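Student: how would this look folded up:
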Amino acid sequence: MAKTDQLHICKQYVVTQLFNIKQQLDQCNLELTTQAQTSASSTLILLPSQEILDNCLKEYVCLQQNYLFKRMDQQLIKCKNEIRDQQLYRHLSAYNITIAQQQAIQQLINLRQQQLEVYEEVIILNERILHQFLPPNFDQLEEYIAQDYYWPPIADHTLPEMKTKRRKILQKIKRNLLNMYMYAYRFKINDYQQQYEQLLDQIELNFSSNTMIINEQSLFNAIKLYMIHRTNRIKEEIYHKIIDFRQILTHRRQRSSTAKKAISVSPQVTVNVLHHTLHDDELDHLSLGKTSC
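Tutor: Okay, here's the model as predicted:
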């Protein structure tokens, strides 16, 4: 509309614009109403029957009940083992052991506890290797050999060769580092085991003067029975912890884009061509080897 100062022309323009806006608003409301009715009808059609919903709900409740029963059984077994452990330990005091003997027994307990802690770390590292979710310090190695350190002006066969070389180098470094870790773990476990056996032999020699027999059992045999029960109890607790850790590890890897891009220590198929149609997931599947299909 051209600029004007005539009142009736301005009034007519405003009235016309308001009428057009009202028509557009009515049209939008009509479309929204139609869509709402269509969505409601389609929703009713897509909803499962009441019987299916009831069955799904029953299955869910049953699943949760089984989970709770399983956790309760685990807690019950754990409590029974702890009570039995305390009973065996209190049984040792019936032999009238001295303070020095108590300290020797406590030292034996500490050695076994430290050994089992290292044993747990080994199992956790094995789980990380199996799930291709190594500790952060392993994946940080890739930062020292950046992926884009070499980019030729022409994308010929040189580029995939350099990328393959980089992956192989990093895999070898990570495997060597893992071997060092495993060697250190094995050395520490064997060292604790050697100290444990030496202390156990020393206890057998020093406690030979205690000839008291309770329930047809000597003091040294009572100590061995307590240590065996305590070791088995802690190993069982580690086993249940690893089950939970395995599930957490799987979920974290699924959510972590960094872990999926990281170079694994597991063998992988190399497609040494400039262009290929296989994705990373497909290459990982090929790396699994032969199947029964």
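Student: How about the contacts made by C56?
Tutor: Residues in contact with C56 (Cβ atoms under 8 Å, 6 or more residues apart in numbering) are P48. C-beta here means a position set from N, CA and C on the backbone, and glycine is covered the same way.
Student: Quick check: it vs C62, distance?
Tutor: Shown here: C56 relative to C62, a distance of 11 Å by Cβ to Cβ, to the nearest Å.
Student: Now the common contact residues for those two.
Tutor: Common neighbours of C56 and C62 (Cβ under 8 Å, 6+ apart) do not exist.
Student: okay but F133 is in contact with R252, surely?
Tutor: Yes. F133 is in contact with R252 according to Cβ atoms under 8 Å; the separation is 6.6 Å.
Student: Can you read off the pLDDT for the residue nearest to the spatial centre of the chain?
Tutor: By Cα atoms, centre = their mean, the chain has its centre lying nearest to L249, at 1.3 Å. The model reports L249 with a pLDDT of 85.
Student: Touching, it and R128? I think so.
Tutor: Yes. Using Cβ under 8 Å, L249 is in contact with R128, at 6.8 Å.
Student: Mind checking which of F133 and R252 has more residues around it?
Tutor: Using other Cβ atoms under 10 Å, the more surrounded residue of F133 and R252 is F133, with 20 against 12.
Student: Tell me which helix or strand that one sits in.
Tutor: Of the helices and strands defined by DSSP states H and E, none includes F133.
Student: and the longest helix for this protein?
Tutor: Ranked by number of residues, the top helix in the chain under DSSP state H is helix 158-206.
Student: That one: what's the following helix or strand?
Tutor: helix 219-255.
Student: got the angle for that following helix vs helix 158-206?
Tutor: Counting by axes from the mean of the first three to the mean of the last three Cα atoms, to 10 degrees, helix 219-255 lies at 160 degrees to helix 158-206.
Student: ok so, going back, could you measure from the nearest residue to the residue nearest to the centre of the chain once chain neighbours are set aside over to S264?
Tutor: What sits nearest to L249 in space, not counting adjacent residues and going by Cβ to Cβ, 6 or more residues apart in numbering, is H131, at 5.0 Å. H131 sits 10 Å away from S264, taking Cβ to Cβ as the criterion.
Student: higher neighbour count, the two?
Tutor: Taking neighbours as other Cβ under 10 Å, H131 and S264 compare with S264 leading, 21 against 16.
Student: which residues does the more buried one contact?
Tutor: Per Cβ under 8 Å, 6+ apart, neighbours of S264: 132, 134, 171.
Student: Out of those, who's the most crowded?
Tutor: L134 (20 neighbours).
Student: Can you pull out the low-pLDDT segments for this protein?
Tutor: Applying pLDDT under 70 to the chain flags the ranges 1-8, 38-47, 142-160, 256-260, 262, 266-293.
Student: can you state the direction angle for the helix or strand containing I83 and helix 219-255?
Tutor: Per DSSP H and E: I83 is located in helix 50-92. Orientation of helix 50-92 against helix 219-255 (the same axes, to 10 degrees) gives an angle of 150 degrees.
Student: now helix 50-92, how far from the chain's geometric center?
Tutor: 22 Å (Cα atoms, centre = their mean, to the nearest Å).
Student: Next, the buried residues of the helix or strand following it.
Tutor: The helix or strand immediately downstream of helix 50-92 is helix 99-130, counting by DSSP H and E. For helix 99-130, a neighbour-count test (16 or more other Cβ atoms under 10 Å) marks 101, 104-105, 108-109, 111-112, 114-116, 118-120, 122, 124-125, 127-129 as buried.
Student: which other helices and strands contact helix 99-130?
Tutor: Other helices and strands packing on helix 99-130, by 3 or more Cβ pairs under 8 Å, 6 or more residues apart in numbering; DSSP states H and E, are helix 158-206, helix 219-255.
Student: Measure how that helix sits relative to helix 50-92, angle-wise.
Tutor: Using the same axes, to 10 degrees: helix 99-130 against helix 50-92 is 150 degrees.
Student: where's helix 99-130 relative to the chain centroid, distance-wise?
Tutor: 22 Å.
Student: tell me the contacts of Q101?
Tutor: The neighbours of Q101, taking Cβ under 8 Å, 6+ apart as the test, are 203, 206-207, 210.
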